[in-house]
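Asker: Need coordinates for the below:
(one chain, ligands or ions: 2)
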Amino acid sequence: MSSSPVVSSPPINIVEELQVITAQNLEKLEVNKYYEVIRELGKGTYGKVDLVIHKMRGTKMALKFLKKKTTKLRSFLREYSISLYLSPCPFIINMFGIAFETDDYYVFAQEYAVAGDLFDIIPPQVGLPEPVAKRCVHQVAIALDYMHYKKLVHRDIKPENVLIFDRECRKVKLSDFGMTRRAGSPVKRVSGTIPYTAPELCGAAEPSEGFCVDPATDVWAFGVLLFCMLTGNFPWEKALPTDAFYEEFARWQRARRSGGPVPSQWRRFTDEALRMFRKLLSLDPQRRCSVKEVFRHFGRRWMLDTEVGIAGGAAAGSGNHQGALSSTSEEDEEDEDLLVDRMKQQTLSPAVCGGSKMGTMETGSPQGHRYAAVAPTGYERVARDNTSGSRILVTTPIEICV
Ligand SMILES: Nc1ncnc2c1ncn2[C@@H]1O[C@H](COP(=O)(O)OP(=O)(O)OP(=O)(O)O)[C@@H](O)[C@H]1O
Ligand SMILES: [Mg+2]
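Answerer: Ligands and ions are numbered 1, 2, ... in the order given. As a prediction, the model looks like this:
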């Protein structure tokens with residue numbers, strides 16, 4: 001019997017093919033001819049994301065506009081192609097297969113997430129109710145595991161990149177693949193240090209051989225995201241020894257055999273949750289678990305009961321936060337929205353924070369418009385590229401910068 005010769009052809013790299021094909025078919029369009037712009041959903045130095053209606057079909061979509069001035073065609077094609085490639089996963093934002101250019105922008109269309117992003121529903125200093133957080137984490141973990149199985153590393157895991165379709169997090173999807181790269185590929189410079197950045201990337205000096213893209217950095221960011229969701233705080237500002245909150249945590253991690261006091265910010269968690277965090281946030285990337293680890297811990301409680309009641313008792317976004325216990329949930333919800341709005345405005349005009357009681361500290365970020373990180377208390381958005389001039393506000397563990 002003769003064997004077939006077809007097996008000898010090399011496997012097609014779908015992502016690369018998608019990039020080439022998209023480049024060949026990239027049309028110049030006038031947005032207003034085909035789309036009615038409803039409102040802006042997000043904005044940055046990269047460009048913007050607009051909610052639009054497709055004029056012929058009446059379909060709502062999110063159009064992501066990347067400025068030609070600052071975005072190379074190659075980067076646009078990569079982000080679009082990776083997004084399209086990953087979109088069959090039910091927990092990754094869907095795509096319409098639409099990409100085009102205008103005079104000033106490269107543009108692609110995504111499904112519209114009606115409830116915005118995860119950041120907007122995490123009550124600062126309180127966190128989401130445990131069942132809501134677990135629901136969300138479950139879906140994000142599947143998305144991330146899917147990516148890692150495909151040998152892709154997201155590299156920008158944070159609440160702003162988790163899109164939600166309802167405030168109870170029954171349906172959430174991972175998005176923003178602008179930083180995504182193939183696992184193992186070399187990258188020169190690490191883009192900024194934010195609270196989600198893994199310690200191995202936080203060090204000042206870049207190794208002479210450069211960095212290698214590693215899924216373990218997503219696992220670290222995922223662990224930090226989990227902490228943020230459950231507490232409404234960041235565990236630290238930066239995973240560096242100079243950060244007291246991080247150092248306390250690192251000491252506890254290193255002393256795992258001999259024991260030692262649980263760091264103050266982590267005392268609200270059950271032993272089960274602490275075991276999970278220890279693995280997700282292992283200081284050594286080689287020993288860090290995979291994102292799948294989280295699935296083993298869902299059946300057990302993560303938060304200890306507290307005076308304010310079990311966080312799980314409150315509805316997502318109901319704003320049942322300390323200091324507003326006597327108000328109704330409707331009022332709470334309004335308060336929460338107000339608080340988030342005020343935080344947004346404040347980051348736009350950081351000087352407002354200057355007079356607050358807590359110490360503020362500036363670090364770089366190019367996109368002051370996006371939020372900044374606040375260590376174990378305050379909670380603000382962080383730009384993914386924090387390298388040149390953005391601002392991070394650090395507060396004491398009780399106060400928030402509003
Ligand atoms: N499909 C969508 N539906 C609803 N809102 C969206 C959608 N896509 C993006 N947004 C909103 O726009 C914000 C920015 O979008 P995205 O994360 O894709 O841009 P970005 O690449 O993060 O920009 P940056 O350079 O600032 O990091 C999101 O955090 C979210 O609030
Ligand atoms: Mg983003």
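
Asker: The protein - how does it break down into domains?
Answerer: Per the record, the chain has its domains at 14-114+329-380, 118-325, by automatic domain parsing.

Asker: Can you report the mean pLDDT over the residues of the first one?
Answerer: Read it as domain 14-114+329-380. Averaged across domain 14-114+329-380, pLDDT comes to 76.

Asker: so who does the residue in the chain positioned nearest to ligand 1 touch?
Answerer: Distances between the chain and ligand 1 by C-beta to the nearest ligand atom are smallest at G42, namely 2.1 Å. For the C-beta atoms, the positions are set from N, CA and C on the backbone; glycine is no exception. Residues near G42 by C-beta atoms under 8 Å, 6 or more residues apart in numbering: 48-49, 117.

Asker: How about L51?
Answerer: Residues counted as contacts of L51 (C-beta under 8 Å, 6+ apart) are 37-41, 60-62, 112.

Asker: And the residues you listed, which of them are buried?
Answerer: Taking 16 or more other C-beta atoms under 10 Å as the criterion, what is buried in the contacts of L51 is 41, 61-62, 112.

Asker: Out of those, which comes closest to ligand 2?
Answerer: Closest to ligand 2 out of the buried ones among the contacts of L51 is L41 (11.1 Å), distances taken as C-beta to the ion.

Asker: Wait, a strand at that closest one?
Answerer: Yes: applying DSSP: H, G, I helix; E, B strand; the rest coil, one finds L41 inside a strand.

Asker: what's the neighbour count on the closest residue in space to it that isn't next to it in sequence?
Answerer: Distance criterion C-beta to C-beta, 6 or more residues apart in numbering; nearest residue to L41, sequence neighbours excluded, is V49 at 4.5 Å. If you count neighbours by other C-beta atoms under 10 Å, V49 ends up with 20.

Asker: Secondary structure of V49: a helix, I assume?
Answerer: No: counting by three-state DSSP, V49 is not part of a helix but strand.

Asker: Flag every residue of the stretch 51-200 of the chain that's near ligand 1.
Answerer: 62, 64, 93, 110, 112-113, 116-117, 160-161, 163, 175-176, 178 (C-beta under 6 Å from any ligand atom).

Asker: Among these, which ones are in strands?
Answerer: 62, 64, 110, 163 (DSSP state E).

Asker: Just among the residues you listed, which is most surrounded?
Answerer: K64 (26 neighbours).

Asker: isn't that residue right up against V52?
Answerer: No: using C-beta atoms under 8 Å, K64 makes no contact with V52, being 10.8 Å away.

Asker: on that earlier part again, so which of the buried ones among the contacts of L51 are also by ligand 2?
Answerer: Among these, no residue lies close to ligand 2 (C-beta under 5 Å from the ion).

Asker: export the residues you listed to CSV and tack on distance to A250?
Answerer: CSV is the format used below for the buried ones among the contacts of L51 (distance: C-beta to C-beta, whole Å):
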residue, distance to A250
L41, 37
M61, 44
A62, 39
Y112, 41
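
Asker: Show me the two of these that sit farthest apart.
Answerer: L41 and M61 (10.6 Å; C-beta to C-beta).

Asker: got any residues that touch both of these two?
Answerer: 51, 112.

Asker: now what about stretch 284-295, what contacts it?
Answerer: Taking C-beta under 8 Å, 6+ apart as the rule, stretch 284-295 contacts 137-138, 141, 144-145, 148, 198, 200, 214-220, 222, 226, 276, 279-282.

Asker: can you give me the helices for the stretch 51-200 of the chain?
Answerer: 73-86, 130-149, 199-202 (DSSP state H, counting those that start in this stretch).

Asker: Flag every residue of the stretch 101-250 of the chain that's near ligand 2.
Answerer: Going by C-beta under 5 Å from the ion, the residues of the stretch 101-250 of the chain near ligand 2 are 161, 176.

Asker: So, low pLDDT: which residues of the stretch 101-250 of the chain?
Answerer: Within the stretch 101-250 of the chain, the segments meeting pLDDT under 70 span 189-192, 204-209.

Asker: Pull the number of nearby residues for the nearest residue to Q125 once chain neighbours are set aside.
Answerer: Nearest non-adjacent residue to Q125, counting by C-beta to C-beta, 6+ apart: G232, 4.6 Å away. G232 sits with 21 neighbouring residues when counted by other C-beta under 10 Å.

Asker: so G232 touches P129, yeah?
Answerer: No: applying C-beta under 8 Å, one finds G232 not in contact with P129, separated by 11.4 Å.

Asker: Now do the strands for this structure: every range, in order, please.
Answerer: Using DSSP E, the strands found in the chain span residues 27-28, 35-44, 47-54, 60-67, 95-101, 105-110, 152-153, 162-164, 172-174, 181-182, 186-187, 211-212.

Asker: Nearest to Q19, out of those?
Answerer: That would be strand 95-101 among the strands of the chain, by C-beta to C-beta, at 10.4 Å.

Asker: Quick check: can you name the pairing partners of the closest one and their directions?
Answerer: strand 27-28 (parallel), strand 105-110 (antiparallel) (DSSP bridges).

Asker: what sits up against it?
Answerer: 22, 26-29, 61, 68, 80, 83-84, 87, 106-111.

Asker: again, only this time at 7 Å
Answerer: 22, 26-29, 61, 80, 83-84, 87, 107-110 (C-beta atoms under 7 Å, 6 or more residues apart in numbering).

Asker: who wins for most neighbours among those residues?
Answerer: Y80 (27 neighbours).

Asker: any idea how far the residue of the chain closest to ligand 1 lies from V382?
Answerer: To V382, G42 is 14 Å away according to C-beta to C-beta, to the nearest Å.

Asker: now swap in S81 and tell me
Answerer: 26 Å.

Asker: Between these two, tell me which one has more neighbours.
Answerer: V382 (30 against 24).

Asker: if I pick the residue nearest the centre of the chain, what's in contact with it?
Answerer: For the chain, the residue nearest the mean C-alpha position is K158 (1.5 Å; C-alpha atoms, centre = their mean). Listed by C-beta under 7 Å, 6+ apart, the contact partners of K158 are 196, 221, 225, 382.

Asker: repeat that with 6 Å
Answerer: K158 is in contact with Y196, counting by C-beta atoms under 6 Å, 6 or more residues apart in numbering.

Asker: Hmm, the residue nearest to L41 is touching A62, no?
Answerer: Yes: the pair V49 and A62 qualifies as a contact (C-beta atoms under 6 Å) at a distance of 5.5 Å.
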